[in-house]
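>>> A predicted structure for the sequence below; I have some questions about it.
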Amino acid sequence: MQSVSGLSFTGRLGLALNSVKATASGAYAALDGMSATTMQLQWGIGAAYAINKQVSVRASFESLGKFKAESTASGADFTMLSAGVNYSF
């Protein structure tokens, strides 16, 4: 974690194991029971600002990879944006 005047930056790199199983009916009944599991590269970036020794605020973005139910499907990207407040004892 790099820190400059209370501001710090983080990075993350790893693997994500994504698994999904569909339950569907009606017009989408053909998708019922379809499942898939993929292992993808996971990465993220974030920043935090220390307000004082005990309180800081943070924000981060993470990409958990792309999921495809079938090899012909376009797929969906799994991403997460988070923000919060940290308190240190």
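Cool, the structure landed. Residues are numbered from 1 along each chain as shown.

>>> Would you double-check that Ala27 falls in a helix?
Yes: with DSSP: H, G, I helix; E, B strand; the rest coil as the criterion, Ala27 is located in a helix.

>>> so what's it up against?
With contact taken as Cβ atoms under 8 Å, 6 or more residues apart in numbering, Ala27 is in contact with no other residue. C-betas here are computed from N, CA, C, even on glycine.

>>> for the one 10 residues further on, same thing?
Residues in contact with Thr37 (Cβ under 8 Å, 6+ apart) are 17-20.

>>> if we go to 7 Å?
Contacts were defined as Cβ atoms under 7 Å, 6 or more residues apart in numbering; by that measure Thr37 touches 17-19.

>>> Among those residues, which one lies nearest to Gln40?
Set against Gln40, the nearest of the contacts of Thr37 by Cβ to Cβ is Asn18 (6.3 Å).

>>> Correct me if wrong: Ser63 contacts Ile45.
No: contact between Ser63 and Ile45 fails when scored by Cβ atoms under 7 Å: they sit 9.4 Å apart.

>>> Could you check which of these two is surrounded by more residues?
The neighbour comparison of Ser63 against Ile45 (other Cβ atoms under 10 Å) goes to Ser63, with 17 against 13.

>>> That one should be in a strand, yeah?
Yes: Ser63: assigned to a strand according to three-state DSSP.

>>> Enumerate every residue touching it.
Taking Cβ under 7 Å, 6+ apart, we find Ser63 in contact with 42-44, 79.

>>> How much space separates the nearest residue to Gln40 once chain neighbours are set aside from Leu13?
Distance criterion Cβ to Cβ, 6 or more residues apart in numbering; nearest residue to Gln40, sequence neighbours excluded, is Gly65 at 2.4 Å. The gap separating Gly65 from Leu13 is 12 Å, by Cβ to Cβ, to the nearest Å.

>>> I appreciate the help and will end here.
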